[in-house]
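Engineer: coords please:
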Amino acid sequence: MNKKILLQTDNLCFKNKNEQHWLLEKIAFLVKSGEVHGITGKSGTGKTTLLNLLGGLEVAQLGEIELCKQKIHTLSDDALSRLRQEKLGFIFQAPNLLPDFSTTENIALSLIIKGHTYTYAIEKSVHIMKDLDIYQLHNQSVLSLSGGEKQRVNIARAIIHKPEIIFADEPTGCLDQENAEIVQNMLFSLSQTQGTALVIVSHDKQFISKTEYAWELKAGGLHSI
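Structural biologist: Numbers count the residues shown, from 1 in each chain. Modelled structure (predicted):
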């Protein structure tokens, strides 16, 4: 199967406001459909910043990012927002689920925001929960969920619209070993079953070593490990 390029950077450079030195310098990165890339590194090296740049959540001072065949620096805010909604999925360390909604409604919300009916969104949410083996949570309040359950709901919410690429920032950082392994396996299965590309940031080198392409961010650059 031919893999298509989903993400490509050229000479990507970034430094924080009022800083003299580049936090990220001359980053060249290529991601194709179905690939799993893991990025690790010490605290403060810019892992989350890099992920935010790649997903169009922050803006680099130099260089280009082409995401799903679009150069994101040329896009308007509205166009970039549409790209994120339609093509990308984001999984953050803190799930930030909405406490006033059920588990199913939290998952369905992204489809409702895109204009789908409530009935359609709920139906799709039920299907994705069954696929991820979390249907038993469908009627529960998110306030009653464990940390591992919340993160699995977070993953369901991120993939319900079948994104082409998922950016995951410390997706197992606050989980115990058993739940961390469940979430890791759930993420890896997405590339195998749906052809979804994954870019995962984690301080857990053991987790990153399981990815297809493992990188360490240090001294402003990405180094294969």
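Engineer: okay, CA-based contacts and neighbour counts for the rest of this
Structural biologist: OK.
Engineer: give me phi/psi at Leu50?
Structural biologist: When quoted as degrees, to the nearest 10, the phi and psi of Leu50 stand at phi -60, psi -40.
Engineer: and the contacts of the helix or strand bottoming out on mean pLDDT in the chain?
Structural biologist: Within the chain, confidence by mean pLDDT, DSSP states H and E is lowest for helix 177-194 among all helices and strands, at a mean of 89. Helix 177-194 has contacts (C-alpha atoms under 8 Å, 6 or more residues apart in numbering) with 34-36, 132, 148, 151-152, 171-173, 196-198, 207.
Engineer: for it, the distance to its chain's centre please.
Structural biologist: Per C-alpha atoms, centre = their mean, to the nearest Å, the displacement of helix 177-194 from the mean C-alpha position of its chain is 13 Å.
Engineer: kindly report the same for stretch 4-24.
Structural biologist: Using C-alpha atoms, centre = their mean, the offset of stretch 4-24 from its chain centre is 18 Å.
Engineer: first-to-last residue distance for that stretch?
Structural biologist: One end of stretch 4-24 sits 26 Å from the other (C-alpha to C-alpha, to the nearest Å).
Engineer: where do the strands sit along this protein?
Structural biologist: Taking DSSP state E as the test, the strands found in the chain are 5-14, 24-27, 30-32, 36-40, 62-67, 70-71, 88-91, 165-169, 197-201, 213-218, 221-224.
Engineer: the first one packs against which elements?
Structural biologist: Here strand 5-14 touches strand 24-27, strand 30-32, strand 62-67, going by 3 or more C-alpha pairs under 8 Å, 6 or more residues apart in numbering; DSSP states H and E.
Engineer: which of the residues in the shortest one are buried?
Structural biologist: For strand 30-32, the buried set under the neighbour-count rule, 16 or more other C-alpha atoms under 10 Å, comprises 31-32.
Engineer: likewise the last one?
Structural biologist: Neighbour counts over strand 62-67 (16+ other C-alpha under 10 Å) mark 63-67 as buried.
Engineer: can you redo these as a markdown table with distance to Asn139 and pLDDT?
Structural biologist: Below are these laid out as a markdown table (distance: C-alpha to C-alpha, whole Å; pLDDT from 0 to 100):
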| residue | distance to Asn139 | pLDDT |
| --- | --- | --- |
| Gly63 | 46 | 96 |
| Glu64 | 44 | 96 |
| Ile65 | 41 | 97 |
| Glu66 | 40 | 97 |
| Leu67 | 36 | 97 |
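Engineer: tell me the contacts of the most centrally placed residue in the chain?
Structural biologist: Note on the chain: the residue nearest the mean C-alpha position is Phe167, at 2.0 Å, using C-alpha atoms, centre = their mean. Counting by C-alpha under 8 Å, 6+ apart, Phe167 touches 51, 55, 88-91, 198-200.
Engineer: hey, what's it bridged with?
Structural biologist: Beta-bridge pairing for Phe167 (DSSP bridges): Phe90, Val199.
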